[in-house]
Each structure stands twice: as structure tokens, then as C-alpha cells.
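> Output the structure for:
(one chain, ligands or ions: 1)
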Amino acid sequence: ASRPSQLNRKDDFPILSRPVKGRRLVYLDNGATTQKPLSVIQAESQYYEQSNANIHRGVHWLSQHSTDLYEQGRESVRRLLNAARAEEIVFTRGTTEAINLVAYSWGWANLKEGDEILVTGMEHHSNIVPWQLLCERTGAHLRVVPVTDSGELDLDEYRALLNTRTRLVGIVHVSNALGTVNPVTEMTRLAHDAGALVLIDGAQAVAHQVVDVQAIGCDFYVFSGHKLYGPTGMGALYARYDVLNDMPPWQGGGDMIHTVSFERSTYADVPQRFEAGTPNIAGVVAMDAAIRYVEDVGLDVIAAYEHDLLQRATEQLLALPGIRLIGTANDKAGILSFVVDGIHPHDLGTILDTEGVAIRAGHHCAMPLMTRFGIPGTARASLALYNTEDDVVALAAALRKAQKLFGTGQ
Ligand code: PMP
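Next up, the predicted model:
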């Protein structure tokens, strides 16, 4: 891939030109949510101005038009993930809802007492708690792949944990708390060898690298639109056709049925079976615009650019005294998690905010991982395609300022 030293995309994002606390906004909280380009904002308002109607059941032109836009959005997600068929894509409110859908539908139908669900020690709470709820109700057990000191998965332990009782493995593609890129293709192969299905949490991956679900071979892949320069309240589940087609409905209502009588209802084909009720049509249209936006820049170009920027940011941070990186894996994407001697992450975040530098501080919804490292939380700077060398310099300068204020880092 080419390696542009600048992508020069800041002007596409209206919010990035608004000052915060009288300063230029240095937005480094992209792991939490990304900003939206004008094309995405306009797609959503244009939908309401020009195309709004309910989908899938209208006889009139506008309803058909709206349905076409909605199904175009599905095709865009298929393309983004390189799924084999558009029917393998179910729209959800986001990553969290997509995982819950799998846990409730697939999990309830397939799990029994003594079965095992295997997750990793670096999962977001959304890839832990739904499985815990499922285990509590079915008598299955949750097992955990340990994390090494460098913030990577212990693959020997992973192999040892896989067994004939393992029914599903849940793996975060890119850790939101460490930036570690996990070897999901190899891990999927090993899980399949053991007879388990694989769900990959791509919340922090889809905006930062090319994802190919067929190459990975996974059974489920989930992500959120809002971390992909798209709208909040939108996301998607990819599920391999045969797996999805065998899954029972999880929410009942309009749009997901074939026939309804008081005696018995029959259900629609996939993916409609999993899209009960009027969906977030405008959200689908806006997420489609976001996918087109990253396709236009090129996900391979974005990956190479952010990789270089991450390296420069890492060097700048490590040049400061008293800073410890949490997560030093060889393969990392877009995220710098760190602790600074003598300054609590929340204090750090507050001081950086007065400099216009927006980062996140805390446990990043990965409390078991923080426990693993013996810390209550970290400060986290997370990159997006619009970040620049200037942002990285501003981060380092603000960190230095915080250290001076606290009289640390001498
Ligand atoms: N998984 C990971 C790795 C995440 O970073 C996030 C969001 N921080 C989620 C899951 C949950 O995503 P959402 O809140 O959009 O459902």
C-alpha cells in the first residue's frame, strides 16, 4: 500500500474546525466514537428531505425508493466485509446489540449445561456480559484466554482451552483498550478444528483496516457504524448464511414474519427474520455514506497512514519521562494506552482537555483487562484518518504540561 505522510482529510469533518475551550480541537478519542464527514451528515438529512417512507411493505413509489436505499446499505456492508451474500448482513443498533442477538438467538437454541463459551481476556464488556447472562441461564461455562504482559493473547493457552465442549469463541479483532490486533484467522481455524463457532468483535477494526470475513473464515462478525465515521445507533451483524438461516428469531413483531395467526406464526427468511419493526432507515443510509467515504479514501491507505502515525505517536510518548505504555504488541492499530507516573488518568484527561486535546481515561469497558495489568485504568489516545502529526505533537506537549503542573516527570 502507498504510505501518504498526510491524508489531509480534516476539512471533510465540520466539527474539527470548531474550537474547544478557545483552542484548536485535537480529537484523539476515536476509539469511543469517530467524527462524521459532511457527506454522512448530508446523506442523513437528504434522506429525510427527499426519500423518507417506511420500507418493505409500501405499494407507492417513495416506499420502494426508501427500500432500495435501505437494501443498498446492506450491499455496502456486504462489500465492506467481503461477505458472500447480502442476506448474511443483519442491521442492528451496533456491536452490542449484534452480540446480544447471537447470544439470545443462536445461544438459546444451541447451548446446554456443561458447554463452554471461550472469550479472551481483552474483550470489551459487550463481548463478555451477554455470554455470562447466557451461561447463567443455560448452565454453560465461560472460559477466558489469558493475556500476556505485552498485551497479546497467549495462543498456547488458547489451544489448550479449546476442547469438545467449546461451542463458541468470542475474539476482539482489535482491542479498544490496547490496540492489539489479534490473529483472528489462525484463531478461527483452531476453533473450527475443535468444532466451535467464532464471533469476532470488529468494533475497532472496520474503520482501520481491510476486513474480509471469507478470508478470516469466521461465523459471525460485528461492528458499529459510529466508529466508522457513520451514525450512532447503527451497526451490523455478519453471519455465515447456513448458521444464520438455522437461527430462531429473537425479537418478534412486524417485518420479521411470514404469516401470523393466534395459533401460530411463521417467520420471514433471513435477514428480515432478525429485523423486527421499523428499522433505523436513515441510519442505514448514513452508514452507507460512511462506508463509501472510507472506500473512497481506501482502507489499505488508511491502515498504512494510521500505522505510521501510531509509530510516530509512540516515539513521542516514549521520549517523555515517566510514561508506561500498556499494550506493546508487535501488531497494533491506532490506539495508545498509557499510564503516567504520579498522575491519575482522569486528572490527565482533564488537564489535556484544557489544552483542547480530547482523550479518554478509565477502564475502557474492559475491567478484567485492567485487573490483569493491576491498574484501575489508562489514558487512551486513539487515532482516525483525519489525525495528523500536529495532533500527535499537541498530545505530547499537553502531556509535558500536565507533568510540569504535577511536578512529575523530572
Ligand atoms: N467492542 C469494542 C472493541 C468496542 O471498542 C466497543 C465500543 N467501545 C464495543 C464493542 C461496543 O460498541 P457499541 O457501544 O457501539 O455497541
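> Can you tell me which residues in the stretch 51-200 of the chain are near the ligand?
Residues of the stretch 51-200 of the chain lying close to the ligand by Cβ under 6 Å from any ligand atom are 94-96, 124, 126, 172, 176. (Each C-beta comes from the backbone N, C-alpha and C, glycine too.)
> Please tell me how far the residue with the largest distance to the centre of the chain sits from V172.
Largest separation from the mean C-alpha position in the chain: E263, at 40.7 Å (Cα atoms, centre = their mean). Going from E263 to V172 by Cβ to Cβ, to the nearest Å gives 44 Å.
> Likewise for G298?
In terms of Cβ to Cβ, G298 sits 24 Å off from V172.
> Have a look at these two and say which one is more surrounded.
Higher neighbour count among G298 and V172: V172, with 29 against 17, using other Cβ atoms under 10 Å.
> ok, residues contacting stretch 152-169?
Here stretch 152-169 makes contact (Cβ atoms under 8 Å, 6 or more residues apart in numbering) with 106-107, 110-111, 114-122, 131, 140, 143, 145-148, 180, 182-183, 186-188, 190-191, 193-199, 329-330.
> Flag every buried residue along that stretch.
152-153, 158, 161-162, 165-169 (16 or more other Cβ atoms under 10 Å).
> ok now do the closest residue to A207 other than its chain neighbours, which residues does it touch?
Leaving aside its chain neighbours, A207 sits nearest to L228 (4.4 Å; criterion: Cβ to Cβ, 6 or more residues apart in numbering). L228 is in contact with 34, 206-207, 287, 290-291, 294, counting by Cβ under 8 Å, 6+ apart.
> run the last query once more with 10 Å
By Cβ atoms under 10 Å, 6 or more residues apart in numbering, L228 lies in contact with 33-34, 40, 80, 202-203, 205-208, 234-236, 287, 290-291, 293-294, 384.
> cool, and D212?
80-83, 185, 221.
> on that earlier part again, quick one: which of the contacts of L228 sit in strands?
Per DSSP state E, strands hold the following members of the contacts of L228: 235-236.
> Now intersect the contacts of L228 with the helices, please.
Under the assignment DSSP state H, those contribute 40, 80, 287, 290-291, 293-294 to helices.
> Next, the closest residue to the ligand within the stretch 301-410 of the chain: phi, psi?
The nearest approach of the stretch 301-410 of the chain to the ligand comes at C365, 5.8 Å away (Cβ to the nearest ligand atom). Main-chain dihedrals, C365, degrees, to the nearest 10: phi 50, psi 30.
> From here on, call the first residue 56.
Renumbered: residue one is now 56, and that last one reads C420.
> number of nearby residues for it?
Residues near C420, counting by other Cβ under 10 Å, number 17.
> ok, now V412?
For V412, the count of nearby residues is 27 (other Cβ under 10 Å).
> Identify the residues contacting it.
75, 78-84, 404, 406, 436, 446, 449-454, 456-457.
> Quick check: phi and psi at it.
Note on V412: backbone dihedrals following degrees, to the nearest 10 are phi -100, psi 110.
> Tell me what it is bridged to.
Judged by DSSP bridges, the bridge partners of V412 are V81.
> how about the helices in this structure?
Using DSSP H, helices in the chain cover 93-101, 116-136, 150-156, 163-165, 184-193, 210-216, 239-248, 268-271, 296-300, 336-352, 354-373, 400-409, 422-428, 444-461.
> Kindly spell out which helices and strands sit in contact with the third one.
If contacts are counted by 3 or more Cβ pairs under 10 Å, 6 or more residues apart in numbering; DSSP states H and E, helix 150-156 sits against strand 144-147, helix 184-193, strand 252-256, strand 275-279, strand 290-294.
> let's see 6 Å
Counting by 3 or more Cβ pairs under 6 Å, 6 or more residues apart in numbering; DSSP states H and E, the packing neighbours recorded for helix 150-156 are strand 275-279, strand 290-294.
> Quick one: residues in contact with that helix.
With contacts defined as Cβ atoms under 6 Å, 6 or more residues apart in numbering, helix 150-156 is touched by 147, 181-182, 185, 258, 277-279, 290, 292, 305.
> so where's the stretch 356-465 of the chain shaky on pLDDT?
Along the stretch 356-465 of the chain, segments meeting pLDDT under 70 are nowhere present.
> Tell me how many other residues surround A87.
15.
> quick one, what contacts it?
A87 touches R415, counting by Cβ under 6 Å, 6+ apart.
> how far away is it from the ligand?
Per Cβ to the nearest ligand atom, to the nearest Å, A87 is found 6 Å from the ligand.
> and what of D324?
With the distance defined as Cβ to the nearest ligand atom, D324 ends up 26 Å from the ligand.
> Not including adjacent chain positions, what is the nearest residue to that residue?
Among residues not flanking D324 along the chain, E142 sits closest, at 7.5 Å (Cβ to Cβ, 6+ apart).
> Could you double-check that that neighbour sits in contact with V325?
Yes. Using Cβ atoms under 6 Å, E142 is in contact with V325, at 5.5 Å.
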